[in-house]
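Student: Sequence isn't available, so here's the structure alone:
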């Protein structure tokens with residue numbers, strides 16, 4: 001990891017730590033704007049799970065645990081093993097105190113892949129705010145995070161970005177260009193992905209799947225020719 005990426009992680013932690021100190025554990029602590037917006041983002045991210053009934057999901061940039069609350073409310077019939085990672089100490093302390101039966105860790109995914117494997121990893125609003133970083137360098141940070149996240153996922157990852165298709169731009173937001181993001185995903189991660197740009201928010205959500213998971217979803221032998229031989 002470069003010195004610049006270390007700086008980005010530190011700036012992110014300081015930015016969100018300051019928001020938590022000012023606002024407490026509400027939507028303002030994670031700069032989400034409105035709970036309705038958050039719920040829509042979570043709905044888009046959760047589409048990654050498909051029809052899976054029992055699985056593990058790791059929330060990268062879990063904030064104060066709002067996604068865990070969303071899953072419990074909207075998917076009570078599913079057996080979801082939830083856990084989270086943060087680089088903001090106050091968030092981890094909060095989550096551990098409010099959800100003591102769940103695993104929350106203070107660590108930086110940009111430094112290395114996780115030693116554990118999870119079925120799914122979610123990056124919900126993780127890459128919205130530059131927090132003083134340069135956009136080009138931040139994009140390199142994002143690619144490293146997604147690469148390490150995909151290495152830590154058995155089935156896939158989901159991530160959302162502020163879209164570049166907007167009428168105006170704010171200087172402190174990171175705009176994840178759909179074309180640039182999907183080119184990176186298809187060349188470095190997987191050809192199996194979905195792009196959901198059908199949202200009233202100025203955002204898009206991308207779900208990226210492992211070859212092995214898509215094979216299982218589409219097990220008919222007729223699809224076999226579209227997959228590379230195992231190994």
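Tutor: Now that the structure is in, tell me what you want to look at. Just so it is clear, the model here is predicted, and its values are computed rather than measured.

Student: contacts and neighbour counts: CA atoms only from here.
Tutor: Will do.

Student: what packs against the longest strand along the chain?
Tutor: In the chain, taking DSSP state E as the definition, the longest strand is strand 153-162. Packing contacts for strand 153-162, counted by 3 or more CA pairs under 8 Å, 6 or more residues apart in numbering; DSSP states H and E, involve helix 35-46, strand 118-123, helix 135-151, strand 203-209, helix 211-217.

Student: Please tabulate these in JSON lines, including the columns mean neighbour count.
Tutor: JSON lines is the format used below for the helices and strands packed on strand 153-162 (neighbours: other CA atoms under 10 Å):
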{"stretch": "helix 35-46", "mean neighbour count": "17"}
{"stretch": "strand 118-123", "mean neighbour count": "24"}
{"stretch": "helix 135-151", "mean neighbour count": "19"}
{"stretch": "strand 203-209", "mean neighbour count": "24"}
{"stretch": "helix 211-217", "mean neighbour count": "14"}
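
Student: how about TSV for the ones you listed, with mean pLDDT added?
Tutor: Below are these laid out as TSV (pLDDT from 0 to 100):
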stretch	mean pLDDT
helix 35-46	92
strand 118-123	98
helix 135-151	96
strand 203-209	97
helix 211-217	95
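
Student: got those as JSON lines, with distance to residue 85 columns?
Tutor: Converted to JSON lines, the helices and strands packed on strand 153-162 look like this (distance: least, CA to CA, whole Å):
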{"stretch": "helix 35-46", "distance to residue 85": "17"}
{"stretch": "strand 118-123", "distance to residue 85": "10"}
{"stretch": "helix 135-151", "distance to residue 85": "11"}
{"stretch": "strand 203-209", "distance to residue 85": "19"}
{"stretch": "helix 211-217", "distance to residue 85": "24"}
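
Student: where along this structure do the helices fall?
Tutor: When secondary structure is read from DSSP state H, the chain shows helices at 3-23, 35-46, 66-74, 89-98, 135-151, 178-184, 211-217.
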